[in-house]
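Asks: what would the 3D arrangement of this be:
(one chain, ligands or ions: 1)
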Amino acid sequence: VNILELNILVIGKNGQVASAFCDISKKYPNYNFYFTSRNELDLSKPDIVFNKLNELDFSADIIINTAAYTAVDKAEEEKEAANNINNLAVAEIAKFCAKNNILLVHYSTDYIFDGSGNEGFLEDNTANLNPLNYYGKTKLDGENAIKNSGCNYLIIRTSWIYSHIGNNFVKTILKSMQEREVLQIVDDQIGSPTYAPDIAEATIKLIERLAPNNIKEIFNIVPAEQISWYEFALKIQKSALEKGYNLTTKEIKPIASKEYKTPAKRPKNSRLSNKKLNDLGIELPDIKTSLNKIFDLL
Ligand SMILES: NC(=O)c1ccc[n+]([C@@H]2O[C@H](COP(=O)([O-])OP(=O)(O)OC[C@H]3O[C@@H](n4cnc5c(N)ncnc54)[C@H](OP(=O)(O)O)[C@@H]3O)[C@@H](O)[C@H]2O)c1
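Replies: Numbering: from 1, shown residues only. This is a model prediction of the structure:
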């Protein structure tokens, strides 16, 4: 039962997580959602973010920042844009939240860690905070900017997001499976593919559990299964065949990261522990269930 009446400003409109909030907003009549696209609030210009937020004709109790520079490889080149959007603009949003007593809900990533070991990283792990790529660095700097601002925050770390919109592994692989006979997929990076609508639902549950108290917390939101990209590709293939897709691909071969060079280095261990989330009684559906949902929408 929703007992809170809340005004929720979602920064981002057309992204995977932002769209998921758009889709589920009708389910929560007590929450008054307002979405800003980059036309209304451009995070690549951090200097004007505070004033733009002030000028909005919407008095937010909560700001959910789904917007980010998410092109991990391109970030190695476009460093200024990535840093503006993922770090400096986030600092301004946090400053605005601190001044106006707004809870800031912000998304971060497994790429803030160094990728060592084979356990899921816990929320309070600081020993392994050492990003391997520039995108990860800007996301970690963004987290720290929030912590230093004094605002109430809920930093949500997640990984390998997919949805029926935007660019993601599921859509890319499905297309390749309809065009190519053999696919080679990396088998030595392990993490949890996470469905954007599951992230949005779990975020609302977290807010309902924790707000309106003062919150300064980090939570991982990921499903329980931890698999490689190769294993994820096999699951996608299975779901696609079950849904009646006619696939060209006859063989999927596992390869090592070193055989698939990318401009940005990726962590081998992308696992995030979901214990803290589960201890609150919140669990994400398994990957198969979420893949079934995405195939119904594609
Ligand atoms: N994608 C992943 O695999 C992944 C993994 C771990 C964590 N995360 C984090 O999860 C969050 C959501 O990711 P996502 O996959 O939903 O992202 P996405 O689909 O790539 O969408 C990016 C969003 O950022 C907005 N945006 C980009 N540049 C902007 C700018 N200059 N000004 C204002 N808005 C701008 C876009 O705006 P428009 O709506 O106007 O297009 C869009 O809504 C991000 O914080 C990301 O770092 C993502």
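Asks: flag the shaky bits of the stretch 151-298 of the chain, pLDDT-wise.
Replies: 212 (pLDDT under 70).
Asks: count the residues that sit near the residue of it found nearest the ligand.
Replies: Closest residue of the stretch 151-298 of the chain to the ligand, C-beta to the nearest ligand atom: Ile161 (3.7 Å). For glycine as for every other residue, the C-beta is placed from the backbone atoms N, C-alpha and C. Ile161 has 22 neighbours, counted by other C-beta atoms under 10 Å.
Asks: swap in Asn274?
Replies: Neighbour tally, Asn274, other C-beta under 10 Å: 21.
Asks: also the one 5 residues further on?
Replies: Burial measure for Asp279: 8 neighbouring residues, criterion other C-beta under 10 Å.
Asks: circling back: does the residue of the stretch 151-298 of the chain closest to the ligand have beta-bridge partners, and which?
Replies: Thr194 (DSSP bridges).
Asks: for stretch 39-50, measure first residue to last.
Replies: 15 Å (C-alpha to C-alpha, to the nearest Å).
Asks: er, stretch 32-41 I mean
Replies: 19 Å.
Asks: do stretch 77-86 as well
Replies: The first-to-last residue distance of stretch 77-86 comes to 15 Å (C-alpha to C-alpha).
Asks: now do the helices in the stretch 1-150 of the chain.
Replies: 16-24, 46-55, 79-83, 89-100, 134-149 (DSSP state H, counting those that start in this stretch).
Asks: after the longest one comes which helix or strand?
Replies: Remark: after helix 134-149, the chain's next helix or strand is strand 153-158, criterion DSSP states H and E.
Asks: need the residues that contact that following strand.
Replies: Contact with strand 153-158 is made by 94, 97, 103-110, 112, 123, 143, 146-147, 194, 199, 203, 206-207, 210, 215-222, 272, as judged by C-beta atoms under 8 Å, 6 or more residues apart in numbering.
Asks: since that was my last question, I'll sign off now.
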